[in-house]
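# sequence? don't have it. structure:
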């Protein structure tokens with residue numbers, strides 16, 4: 001398996017599988033032939049429904065997801081579809097040996113640069129996960145999770161790819177943002193252009 005074929009992305013689910021390598025996970029997660037795989041159905045405000053990537057992406061061109069929490073939770077199954085769009089013409093790369101991506105996301109990603117339930121907790125001098133009140137972040141090499149009594153929030157690096165064609169790897173990150181009680185959930189594909197170690201990172205929302 002060559003390097004360019006090896007990295008179409010990471011996990012078969014949002015649950016990490018430590019015994020499976022990044023290369024094996026990327027091949028299975030973001031293979032283009034997954035576009036027609038049947039997924040749990042989601043509804044759109046227009047009345048359209050989708051049960052695979054092709055239907056989902058077509059419906060998104062003219063409508064938005066119906067805003068009830070169960071439908072939004074189902075939409076997490078379609079993050080793969082949005083990621084396939086980003087990777088369609090992108091040059092992909094293997095992860096850098098020794099790079100702690102989860103820690104970088106916790107320490108350097110500016111949470112003010114994209115919408116989330118954490119917005120009211122942020123200030124001019126407190127805008128990364130590592131700066132928030134709860135010091136007990138859960139970190140792995142590709143994931144950072146933040147949990148309080150009210151919510152579960154996580155960021156997971158899913159691919160390294162030159163999505164904008166400038167010759168520098170961008171980070172494709174999945175966000176999961178869920179209230180433990182009540183009717184709130186959000187799932188997004190975040191694109192971090194040209195991240196540099198030790199510098200503040202900001203997000204583009206490629207599917208908005």
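Yes, it's here. Just so it is clear, the model here is predicted, and its values are computed rather than measured. Numbering: from 1, shown residues only.
# if I look at the residue at the greatest distance from the centre of the chain, how far off is residue 59?
What lies farthest from the middle of the chain is residue 47; by CA atoms, centre = their mean that is 26.1 Å. From residue 47 over to residue 59 the distance is 10 Å, taken as CB to CB, to the nearest Å. Heads up, the C-betas are built off the backbone N, CA and C, glycines and all.
# Repeat that for residue 159.
Distance from residue 159 to residue 59, by CB to CB: 24 Å.
# What of residue 203?
For residue 203, the distance to residue 59 - CB to CB - is 24 Å.
# For the two, indicate the residue with more neighbours.
residue 203 (23 against 20; other CB atoms under 10 Å).
# For that one, which residues are in contact?
By CB atoms under 8 Å, 6 or more residues apart in numbering, the contact list for residue 203 reads 109, 110, 113, 114, 173, 190, 191, 192.
# Helix or strand: which one has the residue farthest from the centre of the chain?
Residue 47 is part of no helix or strand when elements are defined by DSSP states H and E.
# what's the longest strand that the chain contains packed up against?
Using DSSP state E to define each element, the chain has its longest strand at strand 151-162. Contacts defined by 3 or more CB pairs under 8 Å, 6 or more residues apart in numbering; DSSP states H and E place strand 151-162 against helix 79-87, strand 91-92, helix 101-108, strand 143-147, strand 170-179.
# What strands flank it, and is each parallel or antiparallel?
Within its sheet, strand 151-162 is paired with strand 91-92 (antiparallel), strand 143-147 (antiparallel), strand 170-179 (antiparallel), according to DSSP bridges.
# Residue 141 and residue 101 touch, don't they?
Yes - the pair residue 141 and residue 101 qualifies as a contact (CB atoms under 8 Å) at a distance of 6.1 Å.
# ok, what's across the strand from the most centrally placed residue in the chain?
Ranked by distance to the mean C-alpha position of the chain (CA atoms, centre = their mean), the top residue is residue 174 at 1.0 Å. Partner residues in beta bridges with residue 174, using DSSP bridges, are residue 156, residue 189.
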